[in-house]
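J.: The sequence and its predicted three-dimensional model are supplied below.
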Amino acid sequence: MTENVAPKEKAYLNFIEQIVARDLTDGKNDGRLQTRFPPEPNGYLHIGHAKAICMDFGVAQKFGGVCNLRFDDTNPQKEDTEYVDSIKEDIEWLGFKWGNIYYASDYFQQLWDFAVRLIKEGKAYVDEQTSEEIAQQKGTPTQAGTESPFRNRPIEESLALFEKMNSGELPEGSMVLRAKIDMANPNMHFRDPIIYRIINKEHHRTGTKWKAYPMYDFAHGQSDYFEGVTHSICTLEFVPHRPLYDYFIDELKEGNDLEDHRPRQYEFNRLNLTYTVMSKRKLLALVKEGLVDGWDDPRMPTVCGLRRRGYSPEAVRKFVDMIGYTKFDALNDYAMLEAAAREDLNARSLRVSAVLNPVKLIVTNYPEGQTEEMEAVNNPENEADGTHTITFSRELWIEREDFMEDAPKKFFRMVPGKEVRLKNAYIVKCTGCKKAADGTIEEIYCEYDPESRSGLEVSAAHCLPAEVRLYDRLFNVENPSADERDFRELLNPDSLTVLPNCYVEKYVAEQTATRYLQFQRIGYFTYDKHSTPEKLVFNRTVGLKDSWAKK
Ligand code: ATP
Ligand code: MG
């Protein structure tokens, strides 16, 4: 009970939080806690990144530390400021605040100097072989690799060639700088890893200053060290990189840091979701090839896609909480993400009336020109949200599916000769319908009972036309990443359904500040970014129930 973390709360700490709590209790790192979120600005953030963000920022927040945002911008081929901006926006939207913003490119000089030092100490050399030749010499985990013919070239030669690698006169791939470690090490990452390569492309921050760029393994750990990161948290695929991470930091410290101030790497399982992909390469292809409506297409697993789809940041964080952090990779069910959204939206959404597939219902005994204001509850989950009024009149729109001429016994909606209660309104008795030559029902008739006023229909003269977009799984197969076929072939052709002729009650159009709507009996919706007062467009966030559970 004397610890700063209450026992009850402690039971719920994930394994990384437990490590952090123990380090703080032990006074490690002088009691400092510093994490970082290190995205490469080569795409928009997705729900997997949201999981990493909740960890990196969340643990700092929970234990009074700081989390910085660091852009791992070491490869100008695919990086852009558009991505830098979107990443910042998404982190803020998720509800987190960084301490500082850093860029790995700020350390290019320091990293270069370190590389030069390694060459001078005989711990790095320039290799002029092709990447294929280098790969062939790697060996296998059980078989030692072959040493490069350039491995023992004179230090002066490597120094001169390293300079040349950065001069712009050499084509990409003509030579690389490798750390000289151990071609027989059972950890493949130690077999003289490539630490610098030539990229003749302008960098979005450093311009044309550099041509030789550090590899991930030579930039990441060092950046952590320069910044004073204490806990460098990443995903499980980096477990085999950890010894190399430590190796370069040991070299960098040069024994002059006797207190062993150093970042330590910890790994958790990455988020994989069914019926979608997380690879930035594939997401970029979907965008570039016009297979979706941009990075923020509501079917995309991106943070901006979820936002446009109508997810709240709380729903995304709730989902991350639900799945938790472990040391084992898994495939998470998309239905869990939707369940988190439903739970969250049930508590916060404004209830309104809408009709997606309208057919006209005429209350024949209701006086023409007469209207009545009925009271509708905004949110039964929160009385404080109040009520609004909805207009009742002689002509209404109802869902086509809510009427059947020859209905089975269990059909409790509108059937000729039977009574039903209209929501927020009266009990009516259906008296018949009018059909077109092809059998399409054009109008339905009923009579109301004036004594039965109570409280889904919308008044035809008091509603607004709207376009509604329904979304389904982006992919047809549960795990597209594990499928041999090209991912484009696995796309669900029915992932988007546009309903152009819907109606929503007028009140909706006045509620532009409310992003979260429930169309009663139908599902949760939000305004699309292309919605205007002249043309309302709504996205379905998620249905009221899991329609996939039955399939
Ligand atoms: P790339 O293929 O471009 O490296 P990436 O998905 O690894 O893509 P980064 O920008 O390098 O993207 O990732 C930033 C951080 O987000 C890293 O710490 C990474 O471990 C984490 N991250 C990426 N994808 C996931 C995921 N699916 N689940 C959890 N964390 C993830
Ligand atoms: Mg990465």
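T.: Yep, that arrived. Ligands and ions are numbered 1, 2, ... in the order given.
J.: mind checking the end-to-end distance for stretch 60-77?
T.: End-to-end distance of stretch 60-77 (Cα to Cα, to the nearest Å): 32 Å.
J.: To clarify, my last question referred to stretch 375-394.
T.: End-to-end distance of stretch 375-394 (Cα to Cα): 17 Å.
J.: So the closest residue to ligand 1 within the stretch 451-551 of the chain, which state does it fall into?
T.: Nearest to ligand 1 in the stretch 451-551 of the chain, going by Cβ to the nearest ligand atom, is residue 481, at a distance of 10.6 Å. For glycine as for every other residue, the C-beta is placed from the backbone atoms N, C-alpha and C. Three-state call for residue 481 (DSSP: H, G, I helix; E, B strand; the rest coil): helix.
J.: and the residue lying closest to it once chain neighbours are set aside, what element?
T.: In space, residue 481 comes closest to residue 277 once its chain neighbours are excluded; the distance is 5.8 Å by Cβ to Cβ, 6 or more residues apart in numbering. Using DSSP states H and E, residue 277 sits within no helix or strand.
J.: Can you give me the separation between residue 277 and residue 491?
T.: 10 Å (Cβ to Cβ, to the nearest Å).
J.: Show me whatever sits in contact with both of these two.
T.: Common contact partners of residue 277 and residue 491 (Cβ atoms under 8 Å, 6 or more residues apart in numbering): residue 475.
J.: more crowded one of those two?
T.: Using other Cβ atoms under 10 Å as the criterion, residue 277 and residue 491 rank with residue 277 on top: 22 against 19.
J.: list the contacts for the closest residue to ligand 1 within the stretch 1-150 of the chain?
T.: Among all residues of the stretch 1-150 of the chain, residue 48 sits closest to ligand 1, at 2.2 Å; criterion: Cβ to the nearest ligand atom. Residue 48 makes contacts with 270, 271, 272, 273, 278, 301, as judged by Cβ under 8 Å, 6+ apart.
J.: Residue ranges in the protein under the pLDDT threshold?
T.: Low-confidence segments of the chain (pLDDT under 70): 1-11, 255-260, 450-456, 548-551.
J.: That one against ligand 1: which residues are in contact?
T.: Neighbours of ligand 1 within the chain, by Cβ under 6 Å from any ligand atom: 38-40, 42, 48-49, 51-52, 234-235, 270-271, 278, 280.
J.: Let me know the secondary structure of the residue of the stretch 1-150 of the chain closest to ligand 1.
T.: Under three-state DSSP, the three-state class of residue 48 is helix.
J.: what's the spacing between the residue nearest to it when sequence neighbours are not counted and residue 420?
T.: Spatial nearest neighbour of residue 48, excluding adjacent residues (Cβ to Cβ, 6+ apart): residue 271 at 4.3 Å. Computed as Cβ to Cβ, the residue 271 to residue 420 distance reads 45 Å.
J.: likewise residue 139?
T.: Applying Cβ to Cβ to residue 139 and residue 420 gives a distance of 76 Å.
J.: and the two? which has more neighbours close in?
T.: Using other Cβ under 10 Å as the criterion, residue 139 and residue 420 rank with residue 420 on top: 18 against 15.
J.: picking that back up, next, the contact list for the residue of the stretch 451-551 of the chain closest to ligand 1, please.
T.: Residues near residue 481 by Cβ under 8 Å, 6+ apart: 272, 277, 278, 279, 487.
J.: Include secondary structure when you put the residues of the chain next to ligand 1 into CSV, please.
T.: Output for these, formatted as CSV (three-state DSSP):
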residue, secondary structure
38, coil
39, coil
40, coil
42, coil
48, helix
49, helix
51, helix
52, helix
234, strand
235, strand
270, coil
271, coil
278, coil
280, helix
